[in-house]
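*Asks:* predicted model follows, preceded by the sequence.
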Amino acid sequence: MRFLFQKASQLCDDPFLALHLGEASSPQSLGLLGYMLSNTATVSEMLEKLCYYSHLVGKNLEFILTETKNLYNSPLVALNRYQSEIHLAAVISLIRQLSAVNIEPEYAYFQHNEIEEPEEYHRLFGKKLIFNAYENALVFSKEKLCVELQTPLYDNSWHTRTEKQILIHIGNNGISIEFIAKKLSVC
């Protein structure tokens, strides 16, 4: 995989091809997962769902959301440079698209070596970059995770609202017609 990205970067004359591919991610490109993420209330809820369903994105991908001292850490399992660039850039891009706010992580950790010209990293992740880190991770403040997402990308019909509730709660035990009706304030 690394060889393919290196070759593609050379052919495209884009040393940050993986960052740019990740940045081009959209909720629509993630299919059902993107639909579910775009119908969450806050950045925090979106990241929680992304963590829970990360196995749908790739079998070697695992997002974890942990809280420490008013910060939330969203690390990835060990990935090569190109994989971490794509996935972390995609997460930032999704957050920004769905919140319509230029949210920047408090810190961005990368397992790979420092980049000679980090301007693209600064543009996407801010100035607080740590390379040769223990893990690939984005660290957010609680305040930034409380940012509300914009109106869902899809219609607000009864069918869509019902579908949304089912998708949001699909991992919960005890999901039933009565449960969904309560969520929709029908009964």
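*Replies:* All right, it came through fine.

*Asks:* got the phi and psi for the residue nearest to residue 47 when sequence neighbours are not counted?
*Replies:* Of all residues not flanking residue 47 in the chain, residue 65 sits nearest, at 5.3 Å (CB to CB, 6 or more residues apart in numbering). For the C-beta atoms, the positions are set from N, CA and C on the backbone; glycine is no exception. Torsion angles at residue 65 (phi, psi; degrees, to the nearest 10) stand at phi -110, psi 120.

*Asks:* ranges for the strands of the protein?
*Replies:* 66-68, 71-76, 107-109, 129-130, 136-141 (DSSP state E).

*Asks:* who's in contact with the residue nearest the centre of the chain?
*Replies:* Geometric centre of the chain, nearest residue: residue 91, 2.8 Å, by CA atoms, centre = their mean. Residues counted as contacts of residue 91 (CB atoms under 8 Å, 6 or more residues apart in numbering) are 22, 47, 50, 63, 74, 138.

*Asks:* where does pLDDT dip in this structure?
*Replies:* 1, 58-62, 68-78, 151-157, 159, 172-173, 187 (pLDDT under 70).

*Asks:* and the helices in it?
*Replies:* Per DSSP state H, the chain carries helices over the ranges 2-12, 17-23, 32-38, 43-52, 81-99, 119-125, 142-145, 158-168, 177-183.

*Asks:* residue 108 is nearest to which of those?
*Replies:* Each of those has some distance to residue 108 by CB to CB; the shortest is helix 119-125, at 3.8 Å.

*Asks:* residues in contact with the closest one: which ones?
*Replies:* Helix 119-125 is contacted by residues 16, 19, 23, 88-89, 92, 104-105, 108, 115, 129, 138 when judged by CB under 8 Å, 6+ apart.

*Asks:* could the residues you listed be laid out in CSV, adding neighbour count and distance to residue 150?
*Replies:* Converted to CSV, these look like this (neighbours: other CB atoms under 10 Å; distance: CB to CB, whole Å):
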residue, neighbour count, distance to residue 150
16, 21, 27
19, 25, 24
23, 19, 19
88, 26, 22
89, 23, 20
92, 23, 16
104, 21, 18
105, 25, 20
108, 24, 24
115, 18, 32
129, 18, 28
138, 25, 20
